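**Student:** Below is the sequence, then the predicted model.
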Amino acid sequence: MRVLGIETTCDETAVAVVGSRLGGDGGEILSNEVLSQIAQHAAYGGVVPEIAARAHIDALDRLIKRALDSAGVELSEIDAIAAAAGPGLIGGILVGLTAGKALALALGKPFVAVNHLEAHALTARLTDNLEFPFIALLISGGHTQLVAVHGIGDYRRLGSTVDDAAGEAFDKVAKMLGLAYPGGPEIERLALRGDPARFEFPRPMLGRPNADFSLSGLKTAVRQELLKMESVSERDTADIAASFQAAIVDVMVDRVRAAIRMFDETTGMRPNGVVIGGGVAANDAIRRALARLCSESGLRFVSPPQGLCSDNGAMIAWAGLERLQAGLAEGMETPARPRWPLDAKPSETHHGKA
Ligand code: KG4
Ligand code: ZN
């Protein structure tokens, strides 16, 4: 089976073709085209929804053609179309969702609406064929949560941020330091030359029994430190970046540890592994720390390649394929859902309450 997947919930227009492998052994990515709009948003220091929606309209049909060409398949050889129906920016979602539905209608093929967060969580099955149940840490510019993934459509949130998302914290601190947007990669690069022990920034929620996150206090602590300085040298900037990243790493490790404990206590089972997804999952310091935690806990750690952690069409196509194979596809009737918690009951999402 070959599925074409469309992703337009944020600032990446992405289209991919993914095929199933015989015997259900993960998936095969036949093409994975991503067009980042970062350059168009950079001047504003963040994603501007109206610019994003227009850019998706400009790019999408071209990208669909490119994804088919690089996969070497015709539209008629596609068995189903999947598109992200949320959560995210409504204007962008409508572009991808409507294009996906129209294509499916014209081709007479099934349409599958995909939850963007579900797609991040299921990527570890595409790349590493990870068996259920497992724990997913989703960390991006818009989301920071820990989810127990028991099966397709069977997700339970273990914790989430009560304020800023992890990527948001990286971006805001980067802005304070005068670094370019998006700030995550800039901070990671600078942190390599900085002293992570120079500033003792807070590690909010550390040691709490739940698996929630709080990151706005950490951001404020960085601001206060900067206000205390008369001038900020390159050395200072690197040290702040390193000290901030060290705090984030400690928070991530502690919260994932809490999630593993919660999973064990509530299910009486061990998860088969921990997976990470979302743009912040590209951060090498976070990856290394979580790999260490998992090896100490005797758990498998799956960190998909960077291109499959940040927003992409392959994860949407794969989640669509998994849903179709499980007979759990939500189709044409699915509306665009700017908010769509992974663990919402279908009745809540259908009435737009979630
Ligand atoms: O998943 P993503 O591409 O878009 C959404 O937010 O949905 O994530 C983008 C976020 C940005 O906040 C960016 O600063 C952050 O991911 N990011 C990183 C790194 N690369 C991207 N944060 C920390 N370290 C990185 N290497
Ligand atoms: Zn994402």
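**Tutor:** Yep, it's here. Numbering: from 1, shown residues only. Ligands and ions are numbered 1, 2, ... in the order given.

**Student:** Those residues of this protein touching ligand 1, which are they?
**Tutor:** 10, 140-142, 167, 170-171, 182-185, 188, 278-280, 282-283, 310-311 (Cβ under 6 Å from any ligand atom). Yep, even glycine has a C-beta here, placed from its N, CA and C like the rest.

**Student:** need the strands for the stretch 151-300 of the chain, in chain order.
**Tutor:** In chain order, the stretch 151-300 of the chain shows strands spanning 154-160, 273-277, 300-302, with DSSP state E, counting those that start in this stretch as the criterion.

**Student:** before we move on, back to that, mind giving me the PyMOL command for buried ones among the residues of the chain next to ligand 1?
**Tutor:** Buried subset of these, written as a PyMOL selection, criterion 16 or more other Cβ atoms under 10 Å:
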select buried, resi 10+140+141+142+167+170+171+182+183+184+188+278+279+280+282+283+310+311
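
**Student:** circling back to that earlier point, among the strands of the stretch 151-300 of the chain, which is nearest D343?
**Tutor:** When the strands of the stretch 151-300 of the chain are ranked by distance to D343, counting by Cβ to Cβ, first place goes to strand 154-160 at 4.8 Å.

**Student:** Report the buried residues of the closest one.
**Tutor:** If you call a residue buried by 16+ other Cβ under 10 Å, then strand 154-160 has these buried ones: 155-160.

**Student:** packing partners for that strand?
**Tutor:** Packed against strand 154-160 by the contact rule (3 or more Cβ pairs under 8 Å, 6 or more residues apart in numbering; DSSP states H and E) you find strand 144-151, helix 234-267.

**Student:** now these as JSON lines including distance to G320?
**Tutor:** Output for the helices and strands packed on strand 154-160, formatted as JSON lines (distance: least, Cβ to Cβ, whole Å):
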{"stretch": "strand 144-151", "distance to G320": "16"}
{"stretch": "helix 234-267", "distance to G320": "27"}
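
**Student:** Report the two of the buried residues of strand 154-160 separated the most.
**Tutor:** Every pair in the buried residues of strand 154-160 was compared (Cβ to Cβ); the two farthest apart turn out to be Y155 and G159, at 13.0 Å.

**Student:** give the contact list for the closest residue to ligand 2 within the stretch 251-354 of the chain.
**Tutor:** Distance from ligand 2 to each residue of the stretch 251-354 of the chain (Cβ to the ion) is smallest for D311, at 4.4 Å. The contact partners of D311, by Cβ atoms under 8 Å, 6 or more residues apart in numbering, come to 7, 9-12, 14, 34, 116, 140, 279.
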